[in-house]
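A.B. asks: here is my input; please provide its structure:
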Amino acid sequence: MAKVIIWNLMTLDGFFEGEKKWDLDFHNRAWGPELEKLSMDFGASAGLLVFGRVTYEGMKAYWTSTEEEGVVKVFMNALPKLVASRTLAAADWNNTEVTADIAGEIARRKQALDKTIYVFGSAELTDALLTAGLVDEVMLAIVPVQLGKGTPFFKDGARRDFNLIEARPLSNGTILARYTPEGAVV
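C.D. replies: Here you go, the predicted model:
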């Protein structure tokens with residue numbers, strides 16, 4: 001059975017992007033050899049990458065046009081991908097499927113796959129999967145930046161408790177924190 005792991009970078013004040021869509025400049029503060037290695041580890045252990053529509057469109061635009069070469073580009077373009085969308089009818093990025101029933105599809109994929117399902121970005125999708133009880137782990141890179149304004153990663157709503165698995169500082173001051181939602185079976 002596959003694990004579902006949410007992965008995102010967020011600021012100290014809880015934003016995963018600035019005031020405008022794809023305002024991710026603070027990622028540069030976190031990026032370095034340690035996150036590069038983590039990205040390569042994701043590629044080796046992933047059975048499926050999952051995105052909301054907006055994140056999918058941004059990732060596709062970047063990874064299909066970047067001149068950057070390397071292992072991360074290879075796995076981003078080669079791995080199977082699933083997009084949660086009620087408006088997108090089809091996807092044209094290599095190995096990508098679209099579903100309007102993300103909770104049902106993730107539940108099925110958890111049973112069918114033996115490699116990790118990674119959800120990248122996608123705050124609304126993350127909220128939906130947490131609400132459905134489908135998330136096994138939330139992994140955050142907490143970047144030592146305060147934006148003051150932006151899009152919060154966690155949505156307003158009911159309280160959720162998490163249990164710490166690991167917290168580890170990176171050499172650039174970013175903290176890698178791993179949590180399980182309370183009640184999740186690890």
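
A.B. asks: tell me the phi and psi of the most centrally placed residue in the chain?
C.D. replies: What sits nearest the mean C-alpha location of the chain, by Cα atoms, centre = their mean, is residue 120, with 1.8 Å. When read as degrees, to the nearest 10, the backbone of residue 120 gives phi -100, psi 130.

A.B. asks: that one - nearest residue in space that isn't next to it in sequence?
C.D. replies: Leaving aside its sequence neighbours, residue 120 sits nearest to residue 7 (Cβ to Cβ, 6 or more residues apart in numbering; 5.6 Å). From N, CA and C alone the C-beta is placed, and that goes for glycine too.

A.B. asks: can you map out the strands along the chain?
C.D. replies: 4-11, 15-17, 46-52, 81-84, 96-99, 116-120, 137-143, 151-152, 162-169, 175-181 (DSSP state E).

A.B. asks: give me the low-pLDDT residue ranges for the protein?
C.D. replies: Where the chain drops to pLDDT under 70, the residues are 184-186.

A.B. asks: helices of that one, start to end?
C.D. replies: Assigned by DSSP state H, the chain shows helices spanning 27-30, 33-45, 53-63, 71-78, 102-112, 123-131.

A.B. asks: can you pull the buried residues of the longest one?
C.D. replies: The neighbour-count check on helix 33-45 (16 or more other Cβ atoms under 10 Å) flags 34, 35, 39, 42, 43 as buried.

A.B. asks: which of those lies closest to residue 3?
C.D. replies: Residue 3 has its nearest neighbour among those in residue 42, at 12.3 Å by Cβ to Cβ.
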